[in-house]
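In: Here is my input, please return the structure:
(chains A and B)
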2 protein chains.
Amino acid sequence: MAAARARSGERRAEIVRAALEVIAERGYRGASLAAVAERVGLTQQGLLHHFPTKEALLVAVLEEHDQWDTGGGGGRDGWRLDLLEPLVEYNAMRPGIVQTFSALLGESVTEGHPAREFFTRRYTQVRAELAGVLRAEFGDRLPGGLTPEEAAPLVTAVLDGLQYQWLLDPDAVDMPAAFRGFLRLLGAR
Amino acid sequence: MAAARARSGERRAEIVRAALEVIAERGYRGASLAAVAERVGLTQQGLLHHFPTKEALLVAVLEEHDQWDTGGGGGRDGWRLDLLEPLVEYNAMRPGIVQTFSALLGESVTEGHPAREFFTRRYTQVRAELAGVLRAEFGDRLPGGLTPEEAAPLVTAVLDGLQYQWLLDPDAVDMPAAFRGFLRLLGAR
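Out: The predicted structure is shown next:
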């Protein structure tokens, strides 16, 4: 039984990785369970055994979100200022996962999208955590003059906005260098 | 004949407006010509008379992009620093068009998306124009310490990134105020 559970867990992880790829290529609305099943060598029925609906599979993909923020500036243990720069450098080495994230974020603003609540909660939390670590480091004002609460949504906006420019034109946009410039501006570097 | 052309032009404009709405709601990949046709009271055949393919309709929508950057900071006459702040204020009053833009930008990073080339060209141009107006105003360094070429992709990233946070949670994110904070940081305000 334990071996069967382990095999099932491995298979689920494999399916989630395939779903991340398919979403990067087609977005969530453009993705099909058939395409994911084909990529892991399952029939659609076989896939439905692990994830009964497309939305259930998206939930599993979003639960993998920790890896979007780790290596890095965020994750289970919260955000750390000194790890923001390494996070952006790490992201610049994994365009696939950044593409999945950026495609899902873009879609999440459309009507009734199943990832909308996830992203809304995520940003509320990211802004609050960033404001907290900025306040712990700098007090009421950063060297550049902003309050931690003013700086937090801007840090988040720069991280996301640079990703779109970089994905569209990786040769024209040096994402880590651009982000370092922003940290200098904040006085957080 | 002139009257017929004018009627056809009006009908096309009406179809493009409907397409903007449908894309805001479902994204481009999730949008169907049938949904656009229904919204303007045409059959799908009637719609195909004006736009032979879904992609042709997207091109018409993207050509409307001038309105994304006008009222405001950009458009046919290029970007103006003193109009960036009014642009963001204007955008904060038209969530529908911002939603269409943000959904399309998000999708554009997926494989083979028909809007990808448009956005790639747009960002190349926006970064160059912004760097140009920043240089004309401040010379080689902005008061905050960045070069115009360092600042330009950050201005663009903040504009785009704040839009996602604001669309997801308009009560939590004061987009114009956040953008003014960023301009103060640059020393461009």
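
In: The helix or strand containing residue A:62 vs chain B: in contact?
Out: Residue A:62 is part of helix A:54-63, with elements assigned from DSSP states H and E. No: between helix A:54-63 and chain B, judged by CB under 8 Å from any CB of the partner chain, nothing touches; the nearest distance is 12.9 Å. Glycine gets a C-beta too; all of them are placed from N, C-alpha and C.

In: same check, this time on stretch A:172-189
Out: Yes: using CB under 8 Å from any CB, we find that stretch A:172-189 touches chain B at A:172-173, A:178, A:181-182, A:184-186.

In: Compare those and tell me which is most surrounded.
Out: Neighbour tally across these (other CB atoms under 10 Å in any protein chain shown): the maximum, 28 neighbours, falls on residue A:182.

In: check contacts around it.
Out: By CB atoms under 8 Å, 6 or more residues apart in numbering or on different chains, the contact set of residue A:182 is A:155, A:158, B:154.

In: switch to 6 Å and redo it
Out: Neighbouring residues of residue A:182 by CB atoms under 6 Å, 6 or more residues apart in numbering or on different chains: A:158, B:154.

In: Quick check: which element contains it?
Out: Going by DSSP H and E, residue A:182 is in helix A:175-186.

In: Chain B contacts on chain A?
Out: Counting by CB under 6 Å from any CB of the partner chain, the positions of chain A adjacent to chain B are A:25-27, A:29-30, A:99, A:102-103, A:105-107, A:109-111, A:119-120, A:123, A:144, A:146, A:150, A:153-154, A:157-158, A:160-162, A:164-165, A:167-169, A:178, A:181-182, A:185.

In: which element is the residue of chain A found nearest chain B on?
Out: Residue nearest to chain B within chain A (CB to the nearest CB): residue A:106, separated by 0.9 Å. Element membership of residue A:106 [criterion: DSSP H and E] is helix A:95-108.

In: Could you check the angle the lengthiest helix in chain A makes with helix B:2-30?
Out: Here the longest helix in chain A is taken by residue count, with DSSP state H as the criterion, and it is helix A:2-30. Put simply, helix A:2-30 runs at 170 degrees to helix B:2-30, going by axes from the mean of the first three to the mean of the last three CA atoms, to 10 degrees.

In: quick one: average confidence on the following helix or strand past helix A:2-30?
Out: Later in the chain than helix A:2-30, the nearest helix or strand by DSSP H and E is helix A:33-39. Regarding helix A:33-39, the rounded mean pLDDT is 97.

In: repeat for stretch A:134-147
Out: Stretch A:134-147 comes out at a mean pLDDT of 95.

In: Going by neighbour count, which residues of it are buried?
Out: A:134-135, A:138, A:142, A:144, A:146-147 (16 or more other CB atoms under 10 Å in any protein chain shown).

In: Report the separation between the two terminal residues of that stretch.
Out: Using CA to CA, to the nearest Å, the end-to-end distance of stretch A:134-147 comes out at 9 Å.

In: Can you tell me what sits against stretch A:16-25?
Out: Contacts for stretch A:16-25 (CB under 6 Å, 6+ apart): A:31, A:35-36, A:39-40, A:57, A:60-61, A:96, A:99-100, B:110-111.

In: Separate out the buried members of these.
Out: Buried among these by 16+ other CB under 10 Å: A:31, A:35-36, A:39-40, A:57, A:60-61, A:99-100, B:110.

In: what would these look like in TSV with distance to residue B:86?
Out: Shown next, in TSV, are the buried ones among the contacts of stretch A:16-25 (distance: CB to CB, whole Å):
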residue	distance to residue B:86
A:31	39
A:35	44
A:36	45
A:39	48
A:40	51
A:57	43
A:60	44
A:61	39
A:99	33
A:100	35
B:110	33
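
In: now, which of these sits nearest residue A:88?
Out: residue A:99 (15.4 Å; CB to CB).

In: Local confidence estimate at the closest one?
Out: 94.

In: which ones are touching it?
Out: A:24, A:167, B:109.

In: neighbour-wise, which of those residues leads?
Out: residue B:109 (26 neighbours).

In: my read: it touches residue A:100, true?
Out: No: taking contacts as CB atoms under 6 Å, residue B:109 lies outside contact range of residue A:100: 9.6 Å.

In: Mind giving me the packing neighbours of the helix or strand containing residue A:119?
Out: Using DSSP H and E, residue A:119 sits within helix A:116-138. The contact analysis (3 or more CB pairs under 6 Å, 6 or more residues apart in numbering or on different chains; DSSP states H and E) places helix A:116-138 against helix A:148-168, helix B:148-168.

In: just checking, residue A:135 touches residue A:148?
Out: Yes: Residue A:135 is within contact range of residue A:148, at 4.2 Å (criterion: CB under 6 Å).

In: and residue A:154, how far is that from residue A:187?
Out: 13 Å (CB to CB, to the nearest Å).

In: Show me which of these two is the more surrounded one.
Out: residue A:154 (27 against 17).

In: for the more buried one, what are its contacts?
Out: residue B:182.

In: now do the one 3 residues further on
Out: Residues counted as contacts of residue A:157 (CB under 6 Å, 6+ apart) are B:158, B:161-162.

In: The nearest residue to residue A:104 once chain neighbours are set aside and residue B:105, how far apart?
Out: Spatial nearest neighbour of residue A:104, excluding adjacent residues (CB to CB, 6 or more residues apart in numbering or on different chains): residue A:115 at 5.3 Å. Per CB to CB, residue A:115 is found 16 Å from residue B:105.

In: now do residue A:126
Out: 20 Å.

In: the more surrounded of those two?
Out: residue B:105 (24 against 21).

In: Report pLDDT for that one.
Out: For residue B:105, the pLDDT comes out at 96.

In: Point out where chain A drops to low pLDDT.
Out: Flagging of chain A using pLDDT under 70 yields the residue ranges A:65-77.

In: can you list the domain ranges for it.
Out: A:1-64, A:65-189 (automatic domain parsing).
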